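Peer 1: Return atomic coordinates for the entry below.
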Amino acid sequence: MKPGSRAAMASPPEHKKRRSTETTETTERPSLRRRSLLLGTAVLGAAGAVGATGCSRIPSGDTLARLKSQRTVRLGIAGEAPYGFIDEEGDFTGEAVELAKVIFKRLGVAGVQPVATDFSSLIPGLNSQQFDVVSAGMYINKERCAQVVFADPEYQMLDAFIVPKGNPKGLRSYQDVVRTGAAFATGTGYAEIDYAISAGVPEKEIVILQDPVAGLNAVESGRVDVFAGTALTGRSVVKKSRKAEATEPFAPVVDGKKKIDGGGFAFRPTDTDLRDAVNTEIHRMKKSGELFRILRPFGFTETEMTTLTAEELCA
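Peer 2: Below is the predicted model of the structure:
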């Protein structure tokens with residue numbers, strides 16, 4: 001994970017090595033949600049600062065035409081596998097990144113440049129022209145849709161729990177956590193914090209951990225009963241564990257309704273033409289099955305493919 005990133009690190013694809021990280025723990029609730037509304041000042045890490053040099057002088061107008069002329073598109077990433085990250089071998093990759101490489105090449109922009117920043121700085125950085133597109137698998141929701149425009153999601157995602165082998169407390173939903181009084185943990189800035197609170201988990205009792213690896217360690221050691229994250233994260237991180245397993249994916253219930261999230265590319269509100277061009281390619285790739293072939297090496301399954309639209313998720 002790149003310095004300064006507050007996003008969670010899920011497992012890279014099988015053919016990539018995992019970057020080792022130190023894990024930290026705190027019970028202080030973060031002010032920003034990993035896949036919720038992100039506000040504030042854009043504070044780029046070192047890689048972002050380099051990539052942003054001279055951005056204030058970018059001319060306005062047809063963004064796609066400008067990108068074709070420059071022959072390069074700058075992609076905002078958060079250093080988070082499997083969405084957009086630079087792996088241990090120095091390769092710029094991830095499901096959203098690989099998808100962007102294919103799409104922009106077809107749109108006449110062959111070069112892609114990563115601009116790594118803290119996840120909370122992605123939307124502010126995009127709107128201040130630090131990069132051209134957010135390519136980080138960002139969840140699409142009403143609050144974010146007030147700040148940026150999204151392409152239709154390339155995937156949908158349910159939640160899952162990391163629990164001890166055999167799931168002794170029978171934890172399969174946030175309501176089960178409340179019912180059993182299980183010691184609950186999730187990741188820094190995760191939307192799962194809000195899902196748990198909505199279900200009735202006391203906010204002060206939520207343990208906030210750095211990433212899913214820290215969550216797995218906490219479950220294996222018995223410090224917590226459950227770690228909540230995405231289904232993709234859960235099944236990836238427990239693959240080699242002898243003490244923990246991931247539950248079946250489930251949709252969180254918020255305000256009496258099941259919540260299914262979807263992630264996609266984000267663009268500045270003035271770049272609807274660029275968004276529409278990307279959308280056209282995404283729809284073609286969904287229809288042909290190419291989209292799934294690109295995402296599958298990063299741990300996605302057919303259950304994560306979706307026909308949801310950005311309009312639906314923004315509502």
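
Peer 1: Assess the claim that residue 196 and residue 185 are in contact.
Peer 2: No: look at residue 196 against residue 185 with C-beta atoms under 8 Å: they stay out of range, at 9.7 Å. (Glycine included, C-beta is placed from N, CA and C.)

Peer 1: Which neighbours do those two have in common?
Peer 2: 206, 228 (C-beta atoms under 8 Å, 6 or more residues apart in numbering).

Peer 1: between those two, who's got more neighbours?
Peer 2: residue 185 (28 against 24; other C-beta atoms under 10 Å).

Peer 1: Enumerate the strands of the stretch 201-315 of the chain by residue range, in sequence order.
Peer 2: 207-209, 226-230, 244-246, 253-254, 257-258, 261-267 (DSSP state E, counting those that start in this stretch).

Peer 1: Just send the ones you listed back as CSV, with mean neighbour count too.
Peer 2: Listed next are the strands of the stretch 201-315 of the chain as CSV, based on neighbours: other C-beta atoms under 10 Å:
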stretch, mean neighbour count
strand 207-209, 21
strand 226-230, 29
strand 244-246, 21
strand 253-254, 15
strand 257-258, 10
strand 261-267, 25
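
Peer 1: Can I get these in JSON lines including distance to residue 311?
Peer 2: Shown next, in JSON lines, are the strands of the stretch 201-315 of the chain (distance: least, C-beta to C-beta, whole Å):
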{"stretch": "strand 207-209", "distance to residue 311": "33"}
{"stretch": "strand 226-230", "distance to residue 311": "23"}
{"stretch": "strand 244-246", "distance to residue 311": "31"}
{"stretch": "strand 253-254", "distance to residue 311": "19"}
{"stretch": "strand 257-258", "distance to residue 311": "17"}
{"stretch": "strand 261-267", "distance to residue 311": "11"}
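
Peer 1: For residue 75, find the nearest of these.
Peer 2: Closest approach to residue 75 among those is made by strand 261-267 (9.0 Å; C-beta to C-beta).

Peer 1: and the closest one, which strands flank it?
Peer 2: Applying DSSP bridges to the sheet, strand 261-267 is found paired with strand 133-139 (antiparallel), strand 149-150 (antiparallel), strand 155-157 (antiparallel).

Peer 1: wait, isn't residue 147 in contact with residue 122?
Peer 2: No: Residue 147 sits out of contact with residue 122 when judged by C-beta under 8 Å, with a separation of 10.5 Å.

Peer 1: Those two: who's more crowded?
Peer 2: For residue 147 and residue 122, the more surrounded residue by other C-beta under 10 Å is residue 122, and the numbers stand at 28 against 16.

Peer 1: so the more buried one is in which element?
Peer 2: Using DSSP states H and E, residue 122 falls within helix 122-127.

Peer 1: and that helix, what other elements does it pack with?
Peer 2: Counting contacts by 3 or more C-beta pairs under 8 Å, 6 or more residues apart in numbering; DSSP states H and E, helix 122-127 is packed against strand 72-77, strand 133-139, strand 261-267.

Peer 1: Now do it: distance to the chain's middle.
Peer 2: 15 Å (C-alpha atoms, centre = their mean, to the nearest Å).

Peer 1: Check stretch 222-241 too.
Peer 2: On C-alpha atoms, centre = their mean, the centre of stretch 222-241 falls 16 Å from that of its chain.

Peer 1: What average pLDDT does that stretch get?
Peer 2: Here stretch 222-241 scores 94 as its mean pLDDT.
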